[in-house]
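Trainee: Give the three-dimensional model of this entry:
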Amino acid sequence: MLMHKKTLISTLVAFSLAGLLLGGCSSNSSSKKSSDSSDTKAAKVTKITAVGSTALQPLVEQAAQDYQATNKNVNLTVQGGGSGTGLSQVQQGAVQIGNSDIFAEQSSGIKAKQLVDHKVAVVGMTPVVNPKTGVKNVSMAQLRDIFTGKITNWQQVGGKDQKISVINRAQGSGTRATFESAVLEGKKAVTSQEQDSNGTVQKLVSTTPGAISYLAFSYVNDKVNALSINNVKPTDANVTDNKWTIWSYEHMYTKGQPNKATQGFLKYMNSGKVQGSLVNKLGYISIHDMKVTKNAKNVVAK
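Mentor: Numbers count the residues shown, from 1 in each chain. Below you'll find the predicted structure:
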């Protein structure tokens, strides 16, 4: 009888130990599954980096912020650096999107055939001056002469007796390429201070006596004066039918066809939420409002 009790106790202890071991294994297995599940969820977040045009940057930044609010699986980073940087970075595969004010074909060293163009807006660009120059309108010829150094005093175009201080954009800037193509007619710009950012140019023109430069419409504020050219005002309406000739498409280039996550964001950029509201709110022009088209050779057609 005693032997029977000992055997029964031993059996019960053995079962208890086995249960503990199995429970531990089950717990470890559940913990591992939970960890694997978390890792899987984390792995689903896709990082998209867009680099390039500072003229386009405010639109892409705001759109990215809005898009991420309802698309938690996408992590969007937007940076400036200029159109040349955007095109070279996307060509190298360093980023998913290269933002540019110019066609890839217009940038030296870029293999345009490797890139896919996604036009998302139009930006008008205007010459801007320090408010104290006393000038509100110039002819296209006068504007050309200012930027090529032939006109050096505001008095020569009806303004104050004040030296003109030209502030140009850096080489590789899409804004500069667009402005020079529309204004200089192949002539070389005068050597001057150069800046690579719309925001920096805006501040410099507003604080530098006699300063002139050019900005995307979206960066014009009450601290600088936007000049009319040949009595045509720099307005969205005048851009849509090419009465105002200094404008460009805003491109978001990808290297080949974009991945699914990037395609989703680019589709959003052309959606009603962006084109019907955000574009105009931030000072751009919807591609759907244009009454003319322009190609990489700057040929405009209706």
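
Trainee: Assign a three-state SS to Ile167, would you?
Mentor: Under DSSP: H, G, I helix; E, B strand; the rest coil, Ile167 falls in the strand class.

Trainee: Please work out which residues outside the host helix or strand of Thr85 touch it.
Mentor: Assigned by DSSP states H and E, Thr85 belongs to helix 83-92. Here helix 83-92 makes contact (Cβ atoms under 8 Å, 6 or more residues apart in numbering) with 50-53, 81, 95-102, 104, 107, 109-111, 114-115, 171-175, 177, 253-255. Placement of C-beta: from N, CA and C, glycine included.

Trainee: Select from those residues every entry located in strands.
Mentor: Of the positions in these, 50-52, 81, 97-100, 115, 253-255 sit in strands, assigned by DSSP state E.

Trainee: What sits closest to Ala170 if chain neighbours are left out?
Mentor: Spatial nearest neighbour of Ala170, excluding adjacent residues (Cβ to Cβ, 6 or more residues apart in numbering): Asp196 at 4.0 Å.

Trainee: Repeat that for Ser228.
Mentor: Nearest-residue entry for Ser228: Asn137, 4.2 Å, with adjacent residues in sequence omitted and distances by Cβ to Cβ, 6+ apart.

Trainee: Counting neighbours, what do you get for that neighbour?
Mentor: The number of residues packed near Asn137 is 14, by other Cβ atoms under 10 Å.

Trainee: chain center to stretch 201-219, what's the gap?
Mentor: Chain-centre distance of stretch 201-219: 20 Å, with Cα atoms, centre = their mean, to the nearest Å.

Trainee: can you pull the buried residues of that stretch?
Mentor: If you call a residue buried by 16 or more other Cβ atoms under 10 Å, then stretch 201-219 has these buried ones: 201-202, 204-206, 210-219.

Trainee: that older thread, quick one: residues contacting the residue nearest to Ala170.
Mentor: Applying Cβ under 8 Å, 6+ apart, we find Asp196 in contact with 54, 81-82, 169-170, 172-173.

Trainee: any idea which of these is closest to Lys187?
Mentor: Using Cβ to Cβ, Arg169 is the member of the contacts of Asp196 that sits closest to Lys187, with 16.1 Å.

Trainee: So the closest one sits against Thr178, correct?
Mentor: No: using Cβ atoms under 8 Å, Arg169 is not in contact with Thr178, being 9.6 Å away.

Trainee: rewinding a little: and the pLDDT for the residue nearest to Ser228?
Mentor: With respect to pLDDT, Asn137 has a value of 98.

Trainee: Now do the contacts for it.
Mentor: Applying Cβ under 8 Å, 6+ apart, the residues contacting Asn137 are 227-231.

Trainee: How about Asn198?
Mentor: 54-55, 175, 215-216, 218-219.

Trainee: Sort out for me which of those are in helices.
Mentor: Among the contacts of Asn198, the members found in helices (DSSP state H) are Thr175.
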